[in-house]
Every structure is written in C-alpha cells, then in structure tokens.
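1. Using only what follows, build the 3D model:
(chains A and B)
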Amino acid sequence: MAFAWKQAGMSYNKYLSIAAQAIRKSLKEQARATAERRSQMELKYSRWENGKQGEVKFLGTAPQA
Amino acid sequence: MQSLRFLRTAALRAKPLSSTIRAPMRRGYADAVPDKIKLSLTLPHQAIYKATDVTQVNIPAESGVMGVLANHVPSIEQLKAGVVDIIEEGGSSKQFFVSGGFAIVQPGSKLSINAVEAFPLEEFSLDAVKHQLAEANKIASGSGSEQDIAEAKVEVEVLETLQAALKA
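-> Residues are numbered from 1 along each chain as shown, chains lettered A, B, ... in the order given. Sure thing, here's the model as predicted:
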C-alpha cells in the first residue's frame, strides 16, 4: 500500500494534511477539541478599487490545489 | 634542475597523503562511543522531544520501519503515518502515532523528526477510529469523484494503521 497516494497523483503535502486530519479526528474528546481548534483557519480577500472595498470573498472553504 | 624541483614538490605532496594512510580512522571496542542518540520530535506547534538523549528510535519510513541507534549513517527519510517507538535511556518505551513527515539523521548521533501531528497512543479513541474507518470505506467504495476516492483511500490506510497500533 506504500505510495498509494503517489499513484493517485497526490502530493506528499496533500497526503500529510489528510493523514493529520484523520489523526486529529481519532483523538479522545478533550485532546480532539484542542487539536481541532488549532487547525482552524480562515482566509478572505477583497479587491480595493478607487479607494473602495470590493466584494469580500472567503477562501477558507476553497478547494486546495 | 627542473626534474629535481619536480621531485621535491612530489615528495612534499606525497607526505600528508602517506601520513593519512598510516593512521586511518580507528574504531575499536575500547573506544568510548556514546550510545545515546539526541532526539528532537517536533510539530509545528509543539516540541515533544528537544535534543533529548534516548537509546533507540523506530520510525515508519516510506521504505519500511527502521530503527535508529547512535552513530547511524546520516540520512533523510520520508515518513508515512505510523508509530514512532522511542526507547528512552531507562529502557522504558514511548509510542507516538505520527501523521508522516521527515526524519533526518545528522552526523553526531542527532535525529530530528518533523511531523504535522503526533500524539501518544493513549490519547486515541478506538471508537472514533472505527467510526471514521467505516465512513472512509464507504466513500472509497462509493461512486464519488476520483479525487474523493483517492483521499478516502489514504484515510483508510492511515486509520487501519492506527487501529492496528491501538489493538497491539
């Protein structure tokens, strides 16, 4: 099963994030709460034109490359 | 005159070479070789071990599980999700489940393991693992997109390893 992720055309980074996510979810209640809080992230952006803020877009849920 | 000078430079050049041949690196039984390895097990948010002396570390490399003792050949190993077994100085062993990352053996008995997540086996819940495994298996054998199936397969692999480690 080794390198199954590589055969699927997945990057090692992607493999790591999936593995880490699975591990976090497998923890006991207390540890899981702490770990999942740590993994939260948010990203939003908006384009400023003529001194005015444009539409705000959230990227936190965008599919990862 | 020209050839004489050549001889002299040749002799000069030969000198350090012959001395290294006469006194090669010696390593016998009597040498006090440190039998400890300095381990650093680090995560992005925490350092579990910080240059701590341990006796042996078993790591789940992509090429297979390998044990690292003192004076190991310097190398870089890519890890897969699995158990890192640390045998401490007193002989007691500690087991961490790591997500994968890299283990770097440096000259001078230093080992650095960098992982995304690592937790002691006691902190895992077998029920949570089983629950996730069932879900991941469902997705893996389902009719989702190729990407979803590949991700679920990776999850199944990681969770099965974790389950085996918890049951052992």
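2. now the helix or strand hosting B:Tyr49, how far from the chain's geometric center?
-> Assigned by DSSP states H and E, B:Tyr49 belongs to strand B:46-61. A distance of 8 Å separates the centroid of the chain from that of strand B:46-61, by CA atoms, centre = their mean, to the nearest Å.
3. For the closest residue to chain A within chain B, which phi and psi angles does the backbone take?
-> Going by CB to the nearest CB, chain A is nearest to B:Ala150 of chain B, at 3.6 Å. Where C-beta positions appear, they are placed from N, C-alpha and C, glycine not excepted. Geometry field for B:Ala150 lists phi and psi as phi -60, psi -40, criterion degrees, to the nearest 10.
4. any idea which helix or strand carries the spatially most central residue of chain B?
-> The centroid of chain B falls nearest to B:Ala103 when counting by CA atoms, centre = their mean (3.7 Å). Here B:Ala103 sits within strand B:101-106, counting by DSSP H and E.
5. who does that strand pair up with?
-> Its sheet considered, strand B:101-106 pairs with strand B:75-79 (antiparallel), strand B:110-115 (antiparallel) by DSSP bridges.
6. where are the low-confidence patches of chain A?
-> Within chain A, the segments meeting pLDDT under 70 span A:1-3, A:39, A:60-65.
7. In it, what residue spans correspond to helices?
-> A:4-7, A:12-25, A:29-39 (DSSP state H).
8. Equivalent analysis for chain B, please.
-> B:2-22, B:126-140, B:146-167.
9. Buried residues in the second one, which are they?
-> Yep, that's helix B:126-140 we're talking about. B:128-129, B:132-133, B:136-137, B:139-140 (16 or more other CB atoms under 10 Å in any protein chain shown).
10. cool, the longest one as well?
-> By neighbour count, with 16+ other CB under 10 Å as the criterion, the buried positions of helix B:146-167 are B:149-163, B:165-166.
11. got a list of contacts for stretch A:46-55?
-> A:56-57 (CB atoms under 8 Å, 6 or more residues apart in numbering or on different chains).
12. which residues touch the strand holding B:Ala103?
-> Under the contact criterion CB under 8 Å, 6+ apart, strand B:101-106 has outside partners A:16, B:59, B:61, B:68, B:72-79, B:111-116.
13. Okay, angle between it and strand B:46-61 too, please.
-> Angle of strand B:101-106 versus strand B:46-61, following axes from the mean of the first three to the mean of the last three CA atoms, to 10 degrees, is 90 degrees.
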